[in-house]
Every structure is written in C-alpha cells, then in structure tokens.
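[1] how does the following fold in three dimensions:
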Amino acid sequence: MTFESSSRGYLTYIYMNKKSIDYFISGVTVLVILFWSLFAGDFSIFDVKIFYFALFIFLPLLTVVSFTSVTYKSSYLIVFLLSSIFFLIKSFFIGYPEPYYHWVVQMVICCALFVYVSEYLNRVNNFAFFNGLISSSILLFLFLLVGMLLLSEGGRGNFVFGPNILYRVFSILTLLVFFGLYSKGKVSLIKLLFVYILCAYALYKTGSRGSLISMIIVLVAMVHCYLGKIKLNKFIFFLPCAAIFVVIIYQLNSDMILQSRFSNFDYENNLSLALRINPHIAFFSNPLDYLLTFGIDYDQFYQQFGHEQFPYPHNIFLELIFFYGIFGAFFSAFIIISMMKATKKVINSDFNVFCLFYYISMIIFFGALFSGSLLDNYVFLSAAFLLKWLENRSCNKK
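    Numbers count the residues shown, from 1 in each chain. Below you'll find the predicted structure:
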C-alpha cells in the first residue's frame with residue numbers, strides 16, 4: 001500500500017527554505033508535537049480532554065512531509081484499523097466510569113502524529129534543527145526537575161505529572177537529546193555522560209519503581225548513541241552490566257527508594273502490590289475464562305478485583321484481555337511479537353529514528369505493565385505500530 005501527498009505544511013516550508021531560525025523553530029515544534037502526543041493522556045479541563053486541542057493546534061503541521069514512495073505492508077495496517085474499529089465499538093458497552101472510547105481515538109491520532117514526525121526526522125539534516133530540538137528538550141527537562149525538587153512532598157516526585165509519568169518524561173526528553181547530539185555528527189562522551197547523570201538523578205528523585213528500569217534503558221541508549229551501533233555480542237554483555245550498575249547505584253542510596261519502596265513488597269501488608277497481583281493470579285489460573293470471550297464489563301472486573309486504589313488492571317495487556325477478550329489477546333500478541341522483532345532490528349542498527357522510537361516505546365512499555373490504564377498507556381500501542389511502519393517503509397532518508 002503506497003501513500004502519497006503533495007501537501008506543503010509549515011515544517012515542509014521550513015525544510016525547503018533552509019533558514020537557520022526556521023530550522024531551529026521546527027526543532028522546537030517537533031518537541032512540542034511529540035511531548036503533547038506522549039503525555040497529554042487523559043488530562044481534562046472542564047471535562048474536555050486537552051489532547052484534542054492537538055487537532056486545532058497541530059492540524060496545519062500535519063502536512064509535515066511530502067511522502068514520496070512510502071510503501072507499507074497493508075496487512076499490518078488492516079490489523080491496526082480493524083482492531084481500532086472493534087475496540088471503539090466495544091468501548092461503548094464496557095461500562096467504564098468515564099468515556100472509555102477516548103483511548104482508541106487518541107491512539108489513532110497519536111499514531112498519525114508519530115508517523116508524520118518520524119517522516120520529517122528521516123529527511124531533515126540541519127544543525128539548527130537539532131539545536132532547537134536539543135535546547136528545548138533540555139529547558140523543559142530543567143523546568144520540570146526544578147519544579148519537582150521545590151514542590152514535591154512525601155518522598156516522591158510530583159510536578160505537573162505524578163511520579164509514574166514523570167520518570168517517563170525525564171527519560172524520553174533525555175533520549176531526544178541523545179538523538180539530537182548523534183544526528184549532529186561525532187558525539188562527545190563527556191556530553192552524553194553529563195546528560196545521563198542528570199537524567200539518572202531526576203529519575204532517582206521521582207521515587208518511582210519504574211525509574212529503575214528506565215535508567216537501564218536510557219543507559220543502553222547512551223552507549224548505542226556513542227558507539228553508533230550495538231552488535232549482538234556487545235548487547236548481550238552490556239545489558240546485564242548496565243542493570244547491575246544501576247542496581248548498585250540505587251543500593252548505595254537505599255535510604256530513599258530501596259528501603260521505602262522497592263523492598264516493601266509484602267503481599268499481606270502492601271495493598272498496592274496485592275491489588276496488582278490478584279488479576280494476574282486469576283488470569284493465569286483460568287486463562288480460558290477470559291480468552292474465550294469478547295471481554296467482561298467493568299462492573300464484573302470491579303466486583304472481583306476492584307478497589308478505590310485499583311480501579312483498573314494496571315497492566316496494559318491484562319486490560320486488553322479483560323475488557324476485549326479474544327480480540328484483546330490477539331492484539332496483545334501482535335504487539336508483543338512486533339516489539340520482539342523491533343528489538344532484533346535495533347541490534348546492529350545506527351542510532352536512527354527507528355531506534356529513537358524503539359527506546360521511547362520500551363520506556364512506556366515497562367511502565368504500562370505496572371501502572372496506568374489504556375487512557376494513559378494508549379501511546380505505547382501507537383508507538384508500537386509506528387515501529388512496524390518504520391520497519392517496513394521503503395523511503396530512504398534524504
């Protein structure tokens with residue numbers, strides 16, 4: 001299936017006219033689009049989700065690129081579209097306490113935004129653009145870090161976002177800085193280490209368990225950025241070394257996290273853990289009760305597992321299976337297989353747009369296994385589909 005467009009949007013105008021200030025502004029604009037897509041989530045003002053303001057703010061920018069001979073396997077697109085239609089229809093009958101269909105609509109819109117931005121990133125090659133992307137990412141990072149340090153209470157980072165989203169924000173902004181530095185040419189190890197240490201500090205201060213995994217992923221991305229490519233033998237060696245290094249750093253500072261949160265996994269006394277484990281036990285004990293259905297409704301879920309602190313499964317795949325049954329299971333399998341193939345592709349690849357979005361996806365993926373609902377984590381499904389898009393595209397970077 002081939003998609004072609006001859007439209008000319010603002011970013012395309014910038015690309016054609018090659019003015020440094022325009023390139024710089026376009027770098028900032030790409031950050032804004034990505035940040036909005038990734039983190040607007042289910043935040044609402046006067047019962048209106050701010051995510052949909054993207055339709056008005058970014059609509060003129062959606063003609064980011066003139067697509068020239070971009071080929072995509074129709075089978076993947078059909079799976080995505082048919083699944084989206086089923087999820088959209090089924091969402092109206094689940095009985096979720098808030099409009100549940102929003103995650104489907106936002107997933108599709110977010111995927112479109114990702115595709116356009118990725119196509120632009122595959123074409124642009126200008127120092128001013130990457131300076132704009134890097135500087136705006138750093139400024140936003142510092143703003144959120146300072147705000148978190150000054151205004152957080154209770155040992156966990158809170159500023160604009162809660163701790164379980166805030167660590168994703170810091171990690172992804174760091175990945176964008178890495179990508180900008182790599183795209184500008186030879187990468188300085190000193191710069192990479194400085195950015196990583198700042199990121200590790202921010203992740204540590206969020207007090208979120210998920211920050212431990214994110215710190216490992218960002219460290220692997222930093223090494224990938226510096227080496228240009230990660231060969232399989234180096235990847236197999238480095239990944240456990242990165243994990244051990246991060247765990248040691250946390251252990252040396254265990255007074256904040258390892259004692260207060262990581263080690264507090266007592267099943268009987270830790271309500272948060274108990275509530276998360278129960279749905280897993282129920283599913284793996286009797287998987288066919290959930291797989292051979294079209295999904296249960298929300299009242300059934302809440303009666304069996306629900307609690308005021310646990311209004312949803314806190315696992316993106318369990319949520320798909322519980323509420324969408326066999327279709328959710330097939331879609332989950334499709335996404336998992338896609339991510340496994342993407343991991344294989346990242347090894348021996350340059351630190352390119354595909355790798356950037358792969359690492360972004362992995363940050364969200366691990367978070368979505370333990371926290372948030374589809375109303376927050378739909379963005380992972382959008383990013384996973386984008387990886388299939390990038391994997392199958394035939395258009396080369398100009």
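[2] would you mind checking which helix or strand in this structure has the lowest mean pLDDT?
    strand 2-3 (a mean of 40; mean pLDDT, DSSP states H and E).
[3] tally up the residues packed near the closest residue to residue 92 other than its chain neighbours, please.
    Nearest non-adjacent residue to residue 92, counting by Cβ to Cβ, 6 or more residues apart in numbering: residue 101, 6.1 Å away. Just so you know, the C-beta spots here come from the backbone N, C-alpha and C atoms, and that holds for glycine as well. For residue 101, the neighbour count with other Cβ atoms under 10 Å is 15.
[4] tell me who's in contact with residue 101.
    Applying Cβ atoms under 8 Å, 6 or more residues apart in numbering to residue 101 gives the contacts 88, 91, 92.
[5] and residue 189, by the same measure?
    residue 226.
[6] off-centre distance for the helix or strand hosting residue 116?
    Residue 116 belongs to helix 102-121 when elements are defined using DSSP states H and E. Centre-to-centre, helix 102-121 and its host chain are 12 Å apart (Cα atoms, centre = their mean, to the nearest Å).
[7] from residue 34, how far out is residue 323?
    To residue 34, residue 323 is 28 Å away according to Cβ to Cβ, to the nearest Å.
[8] looking only at neighbour counts, state which of the two leads.
    Neighbour count, other Cβ under 10 Å: between residue 323 and residue 34, residue 323 has more, with 28 against 24.
[9] quick one: residue 120 and residue 27 touch, right?
    No - using Cβ atoms under 8 Å, residue 120 is not in contact with residue 27, being 10.4 Å away.
[10] which residues are in contact with stretch 320-331?
    79, 83, 86-87, 90, 94, 279, 283, 290-298, 301, 313, 317, 319, 332, 374.
[11] pLDDT below threshold where in the stretch 51-200 of the chain?
    54-74, 154-155 (pLDDT under 70).
[12] tell me where it has helices.
    Under the criterion DSSP state H, counting those that start in this stretch, helices of the stretch 51-200 of the chain are mapped to 54-57, 74-91, 102-121, 127-151, 163-183, 189-206.
[13] could you identify which of the ones you listed is most buried?
    helix 163-183 (a mean of 25; mean count of other Cβ atoms under 10 Å).
[14] who does that helix touch, helix- and strand-wise?
    Identification of packing neighbours for helix 163-183 by 3 or more Cβ pairs under 8 Å, 6 or more residues apart in numbering; DSSP states H and E yields helix 20-39, helix 127-151, helix 189-206, helix 210-227, helix 353-368.
[15] okay if I get the ones you listed as JSON lines plus distance to residue 177?
    Output for the helices and strands packed on helix 163-183, formatted as JSON lines (distance: least, Cβ to Cβ, whole Å):
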{"stretch": "helix 20-39", "distance to residue 177": "10"}
{"stretch": "helix 127-151", "distance to residue 177": "5"}
{"stretch": "helix 189-206", "distance to residue 177": "5"}
{"stretch": "helix 210-227", "distance to residue 177": "9"}
{"stretch": "helix 353-368", "distance to residue 177": "11"}
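[16] of the contacts of stretch 320-331, buried ones?
    79, 83, 86-87, 90, 94, 279, 283, 290, 293, 295-296, 298, 301, 313, 317, 319, 332, 374 (16 or more other Cβ atoms under 10 Å).
[17] quickly list what residue 48 is bridged to.
    residue 45 (DSSP bridges).
[18] relative to residue 32, how far out is it?
    Residue 48 is 19 Å from residue 32, by Cβ to Cβ.
[19] the more surrounded of these two?
    residue 32 (15 against 9).
[20] so the more buried one versus residue 385, what's the distance?
    For residue 32, the distance to residue 385 - Cβ to Cβ - is 22 Å.
[21] give the buried residues for stretch 27-34.
    Neighbour-count burial for stretch 27-34 [16+ other Cβ under 10 Å]: 27, 28, 29, 30, 31, 33, 34.
[22] buried stuff in the biggest helix by length in the chain?
    For the chain, the longest helix by residue count, based on DSSP state H, is helix 316-346. Across helix 316-346, burial judged by 16+ other Cβ under 10 Å covers 316-325, 327-332, 334-335, 338-339, 342, 346.
[23] nearest spatial neighbour of residue 377, chain-adjacent residues omitted?
    residue 368 (4.0 Å).
[24] dump the residue contacts of the one you found.
    Counting by Cβ under 8 Å, 6+ apart, residue 368 has contacts 315, 316, 376, 377, 380.
[25] do that again at 7 Å, thanks
    Contact analysis of residue 368 by Cβ atoms under 7 Å, 6 or more residues apart in numbering lists 316, 377, 380.
[26] quick one: it from residue 380, how far?
    Taken as Cβ to Cβ, the span from residue 368 to residue 380 is 5 Å.
[27] anything in contact with each of the two?
    By Cβ under 7 Å, 6+ apart, the residues touching both residue 368 and residue 380 are residue 316.
[28] helix or strand: which one has residue 385?
    helix 374-392.
[29] so for that helix, what's the average pLDDT?
    Here helix 374-392 scores 87 as its mean pLDDT.
[30] got the angle for it vs helix 316-346?
    20 degrees (axes from the mean of the first three to the mean of the last three Cα atoms, to 10 degrees).
[31] among the helices of the stretch 51-200 of the chain, which comes closest to residue 212?
    helix 189-206 (8.0 Å; Cβ to Cβ).
[32] switch the helices of the stretch 51-200 of the chain over to TSV; also include distance to residue 307.
    Below are the helices of the stretch 51-200 of the chain laid out as TSV (distance: least, Cβ to Cβ, whole Å):
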stretch	distance to residue 307
helix 54-57	33
helix 74-91	23
helix 102-121	21
helix 127-151	28
helix 163-183	17
helix 189-206	24
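[33] thanks again, I'm all set now.
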